[in-house]
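**Student:** Predicted model and sequence below, questions to follow.
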Amino acid sequence: MFRFRKTFLYSVLLLFSCQLASQSLVVNSGTQLESVTLNAARAIFSMRLKQWPDGFPITVYVLSDTSEIHRDFTRNKLLMFPHQLRRSWDRYVYSGMGIAPIELKTEQEMMEKVASTPGAIGYLSKEFKDDRVRAITIQ
């Protein structure tokens, strides 16, 4: 019984670590950060943090709520559920206190927008690496 639990636990951890590696948080190449904290990443994607530490405005790009990449990024990198982000965005929009992030249709469009917008942030799957955007880590 103990051996089964141990094997099961290792399998779950391996699966979880593979999922964590499936997306990259990316910023415009002009952004000077190498990493952000988990709380900062949550604040950025919840639209509460609107400027980088140097005062430059942050432009947030996301994929549709129905996108598997968006769901994986939200769950595995931000450690939130997609509906929590949506609720946060709706609260800011309907109260008049803010705006929702810019929603894009494809990863290719995400890469193009992040690459061409100073201060932009988004996420891509590993196979969409490009020199025009930089991957940063969440600590």
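**Tutor:** Happy to help now that I have it. Model, not experiment: these values are computed from the prediction. Residues are numbered from 1 along each chain as shown.
**Student:** What are the boundaries of the helices in this protein?
**Tutor:** Per DSSP state H, the chain carries helices over the ranges 2-20, 38-45, 68-72, 82-95, 107-116.
**Student:** Lowest average pLDDT across the ones you listed?
**Tutor:** Least confident of those, judged by mean pLDDT, is helix 2-20 with a mean of 45.
**Student:** I'd say L124 and V62 touch.
**Tutor:** No. Using CB atoms under 8 Å, L124 is not in contact with V62; the gap is 11.7 Å. From N, CA and C alone the C-beta is placed, and that goes for glycine too.
**Student:** Starting from T31, give me the distance back to T106.
**Tutor:** Plainly put, T106 is 22 Å away from T31 if you go by CB to CB, to the nearest Å.
**Student:** the more surrounded of those two?
**Tutor:** A direct count of neighbours by other CB atoms under 10 Å for T106 and T31 places T31 higher, at 20 against 13.
**Student:** could you list every residue that touches the more buried one?
**Tutor:** With contact taken as CB atoms under 8 Å, 6 or more residues apart in numbering, T31 is in contact with 52, 56, 118-121, 134, 136.
**Student:** most neighbours, which of the residues you listed?
**Tutor:** Most crowded among these, counting by other CB under 10 Å, is I121 at 25 neighbours.
**Student:** Does the residue nearest to that one when sequence neighbours are not counted have any beta-bridge partners, and if so which?
**Tutor:** Nearest residue to I121 in three dimensions, chain neighbours excluded: V27, at 5.0 Å (CB to CB, 6 or more residues apart in numbering). On the basis of DSSP bridges, V27 is bridged to I121, R134.
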